[in-house]
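S.K.: could you look at this predicted model? Sequence included:
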Amino acid sequence: MSIPTENINTRLKAFRKRMEEKQIEAVVLWDPDNQYYLSGFKAISYSRPIVYWIYPETTAYIIPELEDLHAEENAHTTHFHVYHERYNRGTNDTSFLTPFMRLLRELPAGTKVGVECEILPAYVYQNIRKQGYEAVDIGRDLIELRSIKEEEEIKWLEEAGRLSDVALEASFQHLSLGMSELEFDSYGDQALLKAASEAYPEVVVGYENWTCSGVRRSAMPHLYSSTRTFESGDPVVHSRQVWINGYRAENERTFLFKGKATEEQKTLLKLAIDAQKAGMEAVKPGVRACDVDLAAYQVIKEAGYEEYIDHRIGHGLGLSEHEEPYLRFDNELVLEEGMVYTIEPGIYVPGVGGFRHSDTVIVTADGSRSITHYPRSYEDMLIEE
């Protein structure tokens with residue numbers, strides 16, 4: 001499956017309107033997710049550079065030879081420029097820069113070239129400037145366009161959320177003391193891939209997960225899963241992202257083996273859950289991103305643990321693992337219907353542990369709704385041993 005042609009055409013039309021407003025005659029897109037959003041093509045690896053050119057009427061891809069058939073089948077584009085790694089291909093186009101510079105020099109003098117300033121490599125930017133062209137940032141426009149999800153995108157996000165619930169349910173069904181973090185993950189991995197394979201033919205599904213158990217590891221919750229085994233009293237942060245057809249949902253739960261758990265650990269688990277609830281209730285159209293962050297912060301502050309907050313309450317989700325706009329204390333962006341966010345306030349106390357739930361929510365006309373549903377209550381997260 002890929003992005004329907006009509007969706008690509010609608011997106012390109014909206015993007016070209018932004019180009020026209022900025023008097024940009026050519027755009028060089030480097031970021032793989034931006035390329036996919038506007039063309040429907042995404043490769044596995046970009047160690048061989050892939051560049052997507054967008055003009056007022058046409059588009060063009062610069063691709064390595066090994067992506068030729070894949071791109072021709074999936075990319076909604078007008079022209080391909082292929083470069084080669086084999087010496088006997090009868091061409092000097094052995095680097096992406098050869099067709100890139102050729103396309104660049106075809107532009108009229110004084111052309112404004114749109115680029116993603118936060119992403120484009122400096123040497124590519126310098127080549128544009130050395131040829132006498134003005135490089136104009138277009139990356140922020142793509143962030144704005146991508147932040148409001150279409151009906152088709154929401155469909156895949158919802159399915160990613162469903163699969164993440166399937167995975168969490170399978171892992172929790174097999175949960176026991178003495179199993180390793182990796183073993184806990186594996187039950188969910190198997191279940192979600194089986195469920196996806198049964199539901200959809202020829203669709204790309206992927207996942208990322210990590211489990212951080214114990215007082216030390218849970219307080220550093222962005223660690224890869226390890227062979228550490230669960231012990232009595234452990235706080236455990238389990239994080240999972242699932243993507244289908246490119247679109248991601250995030251689903252995280254913190255649980256506590258209650259046997260040797262301290263009262264402070266139990267208090268912090270409940271506090272993290274209450275803070276998340278406050279943040280989720282704050283999400284609605286017309287609310288500022290900073291106010292959502294503040295809603296959760298106030299709950300934690302009133303309990304006296306504000307110094308143990310290390311990050312924002314959430315981030316955008318869609319094609320990228322983390323994407324703008326962010327729900328941060330300093331972001332006055334006003335939320336709109338169709339935006340998608342994680343809500344994941346965290347509390348990390350050295351010597352006690354880390355505590356964080358994350359759910360993926362869609363901003364609706366009159367509020368928000370979660371597309372991840374695995375039980376999140378305090379009672380559900382206290383695990384009998």
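M.R.: On my side now, so go ahead. Small disclaimer: the values here were computed from a predicted structure and weren't measured.
S.K.: what residues of the worst-scoring helix or strand of the chain on mean pLDDT count as buried?
M.R.: Every helix and strand of the chain was ranked by mean pLDDT, DSSP states H and E. The lowest is helix 68-74, at a mean of 90. Buried residues in helix 68-74, counted by 16 or more other C-beta atoms under 10 Å: A71, N74. For glycine as for every other residue, the C-beta is placed from the backbone atoms N, C-alpha and C.
S.K.: C-terminal to that helix, what's the next element?
M.R.: Counting by DSSP states H and E, the element after helix 68-74 in chain order, helix or strand, is strand 79-83.
S.K.: tell me the helices and strands packed up against that next one.
M.R.: Where contact means 3 or more C-beta pairs under 8 Å, 6 or more residues apart in numbering; DSSP states H and E, strand 79-83 is packed against strand 59-64, helix 68-74, helix 97-105.
S.K.: closest one to D380 among the ones you listed?
M.R.: For D380, the closest of the helices and strands packed on strand 79-83 is helix 68-74, at 41.6 Å, according to C-beta to C-beta.
S.K.: what does the least confident helix or strand of the chain rub up against?
M.R.: Helix 68-74 has contacts (C-beta atoms under 8 Å, 6 or more residues apart in numbering) with S2, G40, F41, K42, A43, Y61, I63, T77, F80, V82.
S.K.: contacts only, for the nearest residue to the fourth one once chain neighbours are set aside.
M.R.: In this case it means K42. Among residues not flanking K42 along the chain, Y36 sits closest, at 4.2 Å (C-beta to C-beta, 6 or more residues apart in numbering). Y36 makes contacts with I3, K42, G246, L319, as judged by C-beta under 8 Å, 6+ apart.
S.K.: okay, those residues in JSON lines with pLDDT and secondary structure next?
M.R.: Listed next are those as JSON lines, based on pLDDT from 0 to 100; DSSP: H, G, I helix; E, B strand; the rest coil:
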{"residue": "I3", "pLDDT": "85", "secondary structure": "coil"}
{"residue": "K42", "pLDDT": "93", "secondary structure": "coil"}
{"residue": "G246", "pLDDT": "94", "secondary structure": "coil"}
{"residue": "L319", "pLDDT": "96", "secondary structure": "coil"}
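S.K.: mind putting the residues you listed into a markdown table with neighbour count?
M.R.: Formatted as a markdown table, those follow (neighbours: other C-beta atoms under 10 Å):
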| residue | neighbour count |
| --- | --- |
| I3 | 23 |
| K42 | 21 |
| G246 | 22 |
| L319 | 20 |
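S.K.: about what we covered before: how about TSV for the helices and strands packed on strand 79-83, with distance to Y308 added?
M.R.: Compiled in TSV, those are given as follows (distance: least, C-beta to C-beta, whole Å):
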stretch	distance to Y308
strand 59-64	47
helix 68-74	46
helix 97-105	48
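S.K.: could you point out which of the ones you listed sits nearest Y187?
M.R.: Comparing these against Y187 with C-beta to C-beta, the closest turns out to be helix 68-74 (32.7 Å).
S.K.: and K301, how many neighbours?
M.R.: For K301, the count of nearby residues is 14 (other C-beta atoms under 10 Å).
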